[in-house]
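A.B. asks: sequence unavailable; structure follows:
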């Protein structure tokens, strides 16, 4: 089994489309998915690196696993459904806490999925508004065709940086890290993952450089220095 | 949770009975099995009535391919309590069995089950785990971690043959319930969560929450630094000592009791079933109904399940068998995943052979489903002997091929007909695939050793499909077998290609004959519409003279102009000895006048041969043609025909033909221009010009004559010609007005060709200066130019002279001092009188020495002369 060099974790409430996003990117298709049990992951080769992308279960039952999945993550994709404002609120309330175990310099992307539905709704003139907003709570006017605006996501992003005590100037800008996607049409899906890969790869390289090398350089070895190998000592 | 009969199931394990009920509890209902341990052939069973049973397991391979076990009871022993035996663990290196009973771990002899005489034991343990990745270097010592009866405490012990030693006690944040050990890491199930605890540093890491009150936790070490844990919702979670998960979880039933690992499978037990999941793709692979099971454990790869009454073994089917089963049901993806996963469990060499074969089988499965892209990748990566694939296609392998399909076969198909069930469209697709595949591999190392088979097969496919690449294949390096390919090409009427094949096999004669037959219409092949030209071209570059001669007549009969190219267009770098003799060719071309003319033109004009016969012959042929045309048109056309132009040009340019002969032929033929040229060739310029001026009245021709007639000669000659012409014009007197005008034009146009002083004397006094203005200006300009260039030359000569004078002065300039000390360089005597010879290098010698030196060359040289 190839060992992954870096990890990206998808978090978010159930039914926001985490599995669909990942399948759209990895398998270029949009099949019907069932509720994810536990978690699953894909290995993606990006340049010379293997990046594992973990799909987590959004169901409350598996919430406890999130922390472990996030451990050592280089990036976390916080996913919500642009048609369900509650799913954005949940990110802050339930999922942000899971990312404590991620790397200190962990990147955050905030992704509003299912924009295809929002657009449809805009043209249909809001037939299903009532139902949708009823589910999501009544905090958003039902006149607005789209329930969550990109600005809301960017505000959350900035809040996260503040919460993590990360310097806003050193982190990628909110405009760059907040996406609106459609796993159904493929809209922005490649952009999302590939932007993250391109940001994660230099982090992995940096980590590698900091770690002691696993390769013994015979040529430059001056004297055999005994190193503690973990075995039987 | 129900378990439908899953189509995706495979048979990874068979469940066989190991210990019959009678051997253990018999019909005593109250006795039940509490724990089992298996170590090599030793099987131990602990019961609720405080007995330990020792069995020897005997494994027998059945002819059906399965395995059966028989257990022979060695002995059983009562431990002397009224408590059940909770756990058993063998430490074979110490020959000890660790027995947990009544919260105390005792050591008993593995063979006679006697407690160690020292009575060493670990007290106060509720459960324990042996460290299978020990950190202590002593091979005669096992590391044991116990969960203490003390609240929230775990303890590490070293257990020796007859003593135990506590190493560490660590307290935990909550009450621990289950433990597994790897190195310094304890994986602990606490009341509400799982944690990883480094007992050396005391650092701990939370894994995930778990409610142990609802369901008993499972903690199971599955390999180096990795554990398997029962998670929420019936998940089997993987976690490493670093606290991360590197495998996706497997999905068990909610009421799972136990779990074990037998690579690459995770096996789980609930109250009704044993389920098997693959760690490679997390899919459930097998479900075995098994009621009332309560123990599931793996011991060095052997998986044992037990009910309260009986012990059973889950016998894994050999991986290879499993893979073959998957392949047989066309589950290529899973088979490959399993095969790749098996890499670490099978010796490298064996694995590579096996894996290659599996890839190839998988390739054929994909192929049969017309999944060509996938098939190709599999064939390529498994370096399939291409002939396996070719042999599926009837008649493609050469009859001489020694190939036999590998055994056991890689697929079940006799041939393509069977595979496609006669579907022509599928067949065509398969053929197109083979074409592209062979074309790709033929230049790679996969082709080594079977190049003949591959190229021959490719040729056959191309020929059959009428594919353009057939010709490309044959004109580039290839290994098509002649007999096989020839027969096939003939069958498919690819005669042109067949010719190419012959040519490639150095049978040019057969090739050309075949093509000739096509052109003649004896056989049909429309590959090339310009086949005749092709043959001409082919023979032009053919080194085999015999072959060229054999077909020369045919070629010329078809077309004299094009056919003759075999002689005229031959590459010039052809070696002299292999080149054709022009005389032979001329002899051959006698029958083909047009061709002959072309060939002679080639000799005379292109190759510039100066042989008289060729020139005369060509001139004669031109002349005859001109005369013939004359007769045909029956009119004296003023316009010269093309041939006439050629004739004139030849007569003018060439110096090699026999002038007299032609002159004879031309007499009375009414070809004044030609006879003028001939006169000119004989130096009879007067006559020539006379014809031009007086017979033809063609003044510009006369001027031209003066120019070409003196070509390559000195200016005097040219001047002579022009003067002759001028004189001829003037001689007629002023009455012949035309000639006067011609004279003026001649002078004005060719001022430079005349000697002006002579001309002025010749001219009639009546001519005005204005009339001759261009001539006079030209003459003047010329004269001045001549003067100036002469002056320049004079100046240059003078300066050159000066340089030499300077050199001479330099040499003469320095004084030579002669004294008694100076010796002659030749005889080494002093000079007696003030006479000497000085060499340019400054050496001085006597005059007589210098003289004698010239007469006796053997005398020593006076130093280096420069």
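C.D. replies: Good, I have the coordinates. For clarity, every value in this text was computed on a predicted model and none was experimentally measured. Numbers count the residues shown, from 1 in each chain, chains lettered A, B, ... in the order given.

A.B. asks: can you give me the end-to-end distance of stretch A:160-174?
C.D. replies: 11 Å (C-alpha to C-alpha, to the nearest Å).

A.B. asks: list the buried residues for that stretch?
C.D. replies: A:160, A:161, A:164, A:166, A:171, A:172, A:174 (16 or more other C-beta atoms under 10 Å in any protein chain shown). Yep, even glycine has a C-beta here, placed from its N, CA and C like the rest.

A.B. asks: just stretch A:72-88 next, same as before
C.D. replies: A:72-88.

A.B. asks: for stretch B:620-627, same thing?
C.D. replies: Those would be B:620, B:621, B:622, B:623, B:625, B:626, B:627, for stretch B:620-627 by 16+ other C-beta under 10 Å.

A.B. asks: and the residue of the stretch 301-450 of chain B that's closest to chain A?
C.D. replies: residue B:341 (7.9 Å; C-beta to the nearest C-beta).

A.B. asks: so what's that residue up against?
C.D. replies: A:1, B:263, B:264, B:278, B:279, B:280 (C-beta atoms under 8 Å, 6 or more residues apart in numbering or on different chains).

A.B. asks: that's a helix at residue B:408, yeah?
C.D. replies: No - counting by DSSP: H, G, I helix; E, B strand; the rest coil, residue B:408 is not part of a helix but coil.

A.B. asks: what number of residues lie near the residue of the stretch 651-800 of chain B found nearest chain A?
C.D. replies: Per C-beta to the nearest C-beta, residue B:800 is where the stretch 651-800 of chain B lies closest to chain A, at 70.7 Å. Neighbourhood size, residue B:800 [other C-beta atoms under 10 Å in any protein chain shown]: 10.

A.B. asks: for it, give me the pLDDT.
C.D. replies: pLDDT for residue B:800: 95.

A.B. asks: quick revisit: which one of the contacts of residue B:341 is nearest to residue B:743?
C.D. replies: residue A:1 (108.2 Å; C-beta to C-beta).

A.B. asks: now, which of the buried residues of stretch A:72-88 lie within helices?
C.D. replies: A:85, A:86, A:87, A:88 (DSSP state H).

A.B. asks: my guess is the third one meets residue A:11, correct?
C.D. replies: No - the pair formed by residue A:87 and residue A:11 falls short of the contact definition of C-beta atoms under 8 Å, at 11.3 Å.

A.B. asks: how about the residues of the stretch 51-200 of chain B near chain A?
C.D. replies: B:134, B:135, B:137, B:183, B:193 (C-beta under 8 Å from any C-beta of the partner chain).

A.B. asks: narrow these to just the buried residues.
C.D. replies: B:134, B:135, B:183, B:193.

A.B. asks: could you work out the most separated pair of those residues?
C.D. replies: B:134 and B:193 (26.7 Å).

A.B. asks: for the chain, give me the ranges with low pLDDT.
C.D. replies: By default, I'm working from chain A. A:1-2, A:119-145, A:211-233 (pLDDT under 70).

A.B. asks: my question was about chain B, not that one.
C.D. replies: B:1-8, B:25-26, B:573-578, B:633-640, B:733-734, B:854-866.

A.B. asks: so residue B:18 sits in a helix?
C.D. replies: No - going by three-state DSSP, the assignment for residue B:18 is strand, not a helix.

A.B. asks: for the top helix by length along chain A, name the packing helices and strands.
C.D. replies: Secondary structure of chain A read by DSSP H shows that its longest helix is helix A:189-210. Counting contacts by 3 or more C-beta pairs under 8 Å, 6 or more residues apart in numbering or on different chains; DSSP states H and E, helix A:189-210 packs against strand A:6-12, helix A:18-27, strand A:39-46, strand A:49-56, strand A:75-81, strand A:107-113, strand A:178-180.

A.B. asks: list the buried residues for it?
C.D. replies: Neighbour-count burial for helix A:189-210 [16+ other C-beta under 10 Å]: A:189, A:192, A:193, A:195, A:196, A:197, A:199, A:200, A:201, A:203, A:204.

A.B. asks: contacts for it?
C.D. replies: Contacts for helix A:189-210 (C-beta under 8 Å, 6+ apart): A:5-6, A:8, A:21, A:24-25, A:44, A:46-47, A:49, A:51, A:53, A:74-75, A:77, A:103, A:105, A:107, A:109, A:111, A:172, A:176-177, A:179, A:181-183.

A.B. asks: the residue of the stretch 301-450 of chain B closest to chain A sits in which helix or strand?
C.D. replies: Residue B:341 belongs to helix B:332-341 when assigned by DSSP states H and E.

A.B. asks: gap between that helix and the chain center?
C.D. replies: 30 Å (C-alpha atoms, centre = their mean, to the nearest Å).

A.B. asks: got the domain boundaries for chain B?
C.D. replies: B:32-128+B:148-162, B:254-316, B:691-803, B:814-855 (automatic domain parsing).

A.B. asks: reformat those as TSV; add distance to residue B:484.
C.D. replies: Shown next, in TSV, are these (distance: least, C-beta to C-beta, whole Å):
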stretch	distance to residue B:484
domain B:32-128+B:148-162	44
domain B:254-316	46
domain B:691-803	65
domain B:814-855	85
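
A.B. asks: point out the most buried one among the ones you listed.
C.D. replies: domain B:254-316 (a mean of 20; mean count of other C-beta atoms under 10 Å in any protein chain shown).

A.B. asks: and that domain, how far apart are its ends?
C.D. replies: 25 Å.

A.B. asks: any chance of the buried residues of stretch A:160-174 in a markdown table with secondary structure and distance to residue B:505 as columns?
C.D. replies: Output for the buried residues of stretch A:160-174, formatted as a markdown table (DSSP: H, G, I helix; E, B strand; the rest coil; distance: C-beta to C-beta, whole Å):
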| residue | secondary structure | distance to residue B:505 |
| --- | --- | --- |
| A:160 | helix | 77 |
| A:161 | helix | 77 |
| A:164 | coil | 77 |
| A:166 | coil | 76 |
| A:171 | coil | 72 |
| A:172 | coil | 68 |
| A:174 | helix | 74 |
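
A.B. asks: closest to chain B out of the buried residues of helix A:189-210?
C.D. replies: Looking across those and measuring by C-beta to the nearest C-beta, the closest to chain B is residue A:204, at 15.3 Å.

A.B. asks: up against chain A, what does chain B have?
C.D. replies: B:134-135, B:137, B:183, B:193, B:206-210, B:231-233, B:235, B:237, B:239, B:242-246, B:248-249, B:251, B:282, B:341.

A.B. asks: just want the most central residue of chain A.
C.D. replies: For chain A, residue A:77 is the residue whose C-alpha lies nearest the centre (C-alpha atoms, centre = their mean; 1.3 Å).

A.B. asks: from what I see, that one and residue A:7 are in contact.
C.D. replies: No - Residue A:77 is beyond contact range of residue A:7, at 11.4 Å (criterion: C-beta under 8 Å).

A.B. asks: any idea how far residue B:844 is from chain A?
C.D. replies: 72 Å (C-beta to the nearest C-beta, to the nearest Å).

A.B. asks: quick one on the thing from earlier: in PyMOL, select just the buried ones from the contacts of helix A:189-210.
C.D. replies: Only the buried entries of these go into this PyMOL selection, using 16+ other C-beta under 10 Å:
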select buried, chain A and resi 5+6+8+21+24+25+44+46+49+51+53+74+75+77+103+107+109+111+172+177+179+181+182+183
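
A.B. asks: and the closest residue to residue B:291 other than its chain neighbours, what is it in contact with?
C.D. replies: Nearest in space to residue B:291, with sequence neighbours left out and distances taken as C-beta to C-beta, 6 or more residues apart in numbering or on different chains, is residue B:272 at 6.0 Å. Contact analysis of residue B:272 by C-beta under 8 Å, 6+ apart lists B:289, B:290, B:291.

A.B. asks: near chain B, which residues of chain A show up?
C.D. replies: A:1, A:3-4, A:7, A:37-41, A:59, A:61-62, A:64-65, A:67-69, A:71-72, A:101, A:230, A:232-233.

A.B. asks: can you say which of those are buried?
C.D. replies: Here, 16+ other C-beta under 10 Å leaves A:4, A:7, A:37-41, A:59, A:61-62, A:64-65, A:67-69, A:71-72, A:101 buried among those.

A.B. asks: which ones among the residues you listed are found in strands?
C.D. replies: A:7, A:39, A:40, A:41 (DSSP state E).
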